[in-house]
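> sequence and computational prediction follow.
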Amino acid sequence: MVTLFERILAAHKGIRPDVPVTTLQLSTFLSRETQCDVWLKTEHLMPTGSFKVRGSANKIRTLGEAARSGVVTASTGNHGLGVARAGALAGVGVTVYVSNTAVPSKMAAIEALGAKLVVIDGSPLDSEIAARRHSELRGQPYVAPYNDLDTMAGQGTLGVELVEQAPDLDAVFLCVGGGGLAGGVGTALKALSPRTRLVGVWPAASRCMLDSLNAGHIVETPEYDTLSDGSAGAVEPGSVTFPVCQEVIDETVTVSEDEIARGMRKIAEGERWMIEGSAGVAVAGLLQTAERYRGKKVAVVLCGRNVSVETFLAAMARAAS
């Protein structure tokens, strides 16, 4: 049986050159502020503005001929963009189901990449149910945002890059949603750099995976509005990411909405970059725990930049107050 790590290594070669290697850049601003040696993994500079292009590209690559009739997915943002781009590059038709509550600019961006958009009256869960029904009726593969080993392996290529770029990292901070990114990156780190700690960070308003890890099984958790909308949502029952996250996450941190806004503002001030809330979560996790990592070399995964101008400006104002 092929292990997840073997899938990650295959993805690391297989998704090139369609998916670029992102840079790992020193942040003198955050290093001075935290007294840590802080490096930023620039996933927000990916072609669609998010790490999600990795898993999407790998899933379509591994589907091969099975994808020729087209693929279907459900997403309100980064995942949909990633699948649309991967499909366009591979010559595969993509249908993306979205809720009518989705941000119009994100829907327009998905369509601009050539995907067919189907808008469902209802919640994001309703759009996912409709997408899965479409998949079954038409025999088109469903590309899951996180609950899939090949998708998780694609996200894990980020971990391989980190070790190649900085084999002496003491810790990596990243935001956790459904667990695809954490599971993939953590698996790569455990195999290639076991001394590196994986620090999973959650918004206090959306912590399903964390509560599930604490309970020892997947549980339902109340969800509240959060700046980290890209990581929000429940974890599917039986998700393949759950047991992996149990094994690879070394430390857990929760951050408030004010801390997320401050994390976003720190990157804007120090690096002149606009990042989304889920990337701000990872920065906030470092800021909260910096004293424990003083003098250590750490990486923070800036997982995306897809945030509306209005939301970003509101976060900047919140962090300044």
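That came through, no problem. Note that the coordinates shown come from a computational prediction; the quantities given were computed from them, not determined experimentally.
> I figured V301 hits V281, correct?
No - in terms of Cβ atoms under 8 Å, V301 does not count as a neighbour of V281; the distance is 9.9 Å. For every residue, glycine as well, the C-beta is placed using N, CA and C.
> which neighbours do the two share?
Counting by Cβ atoms under 8 Å, 6 or more residues apart in numbering, the shared contacts of V301 and V281 are C175.
> more crowded one of the two?
V281 (35 against 29; other Cβ atoms under 10 Å).
> which stretches in the protein count as strands?
24-26, 37-41, 71-74, 94-99, 116-120, 171-175, 197-203, 251-255, 297-301 (DSSP state E).
> distance to S105 for the ones you listed - can I get that in CSV?
Converted to CSV, the strands of the chain look like this (distance: least, Cβ to Cβ, whole Å):
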stretch, distance to S105
strand 24-26, 27
strand 37-41, 25
strand 71-74, 18
strand 94-99, 12
strand 116-120, 13
strand 171-175, 22
strand 197-203, 22
strand 251-255, 26
strand 297-301, 24
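> so how far is T226 from W202?
Distance of W202 to T226, computed by Cβ to Cβ, to the nearest Å: 10 Å.
> picking that back up, the strands of the chain into a markdown table, with extra columns for mean pLDDT and distance to Q155?
Putting the strands of the chain into a markdown table (pLDDT from 0 to 100; distance: least, Cβ to Cβ, whole Å) gives the following:
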| stretch | mean pLDDT | distance to Q155 |
| --- | --- | --- |
| strand 24-26 | 98 | 16 |
| strand 37-41 | 98 | 12 |
| strand 71-74 | 95 | 15 |
| strand 94-99 | 93 | 19 |
| strand 116-120 | 93 | 24 |
| strand 171-175 | 98 | 10 |
| strand 197-203 | 98 | 13 |
| strand 251-255 | 98 | 19 |
| strand 297-301 | 98 | 10 |
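> correct me, but L40 touches E271?
Yes - with contact defined as Cβ under 8 Å, L40 counts as touching E271 (7.1 Å).
> ok, those two, which is more surrounded?
Just comparing L40 and E271: by other Cβ under 10 Å the higher neighbour count belongs to L40, 26 against 17.
> what angle sits between the biggest helix by length in the chain and strand 297-301?
Secondary structure of the chain read by DSSP state H shows that its longest helix is helix 149-165. Here the directions of helix 149-165 and strand 297-301 differ by 140 degrees (axes from the mean of the first three to the mean of the last three Cα atoms, to 10 degrees).
> who are the contact partners of E223?
Residues in contact with E223 (Cβ under 8 Å, 6+ apart) are 205-206, 208, 232-234.
> spatially, which two of those are the most separated?
The distance between the two most remote of the contacts of E223 (Cβ to Cβ) is 13.2 Å, for A205 and A234.
> among the strands of the chain, which is nearest G159?
strand 171-175 (7.8 Å).
> neighbours of I8, how many?
26.
> give me the number of residues near the closest residue to it other than its chain neighbours?
Closest residue to I8 apart from its sequence neighbours, by Cβ to Cβ, 6 or more residues apart in numbering: G156 at 3.7 Å. G156 has 33 neighbouring residues, counting by other Cβ under 10 Å.
> contacting residues for G156?
4-5, 7-8, 11, 183-185, 187-188.
> can you rerun that using 10 Å?
Each residue near G156 by Cβ atoms under 10 Å, 6 or more residues apart in numbering is listed here: 4-5, 7-9, 11-12, 54-55, 58, 149, 180-189, 191, 244.
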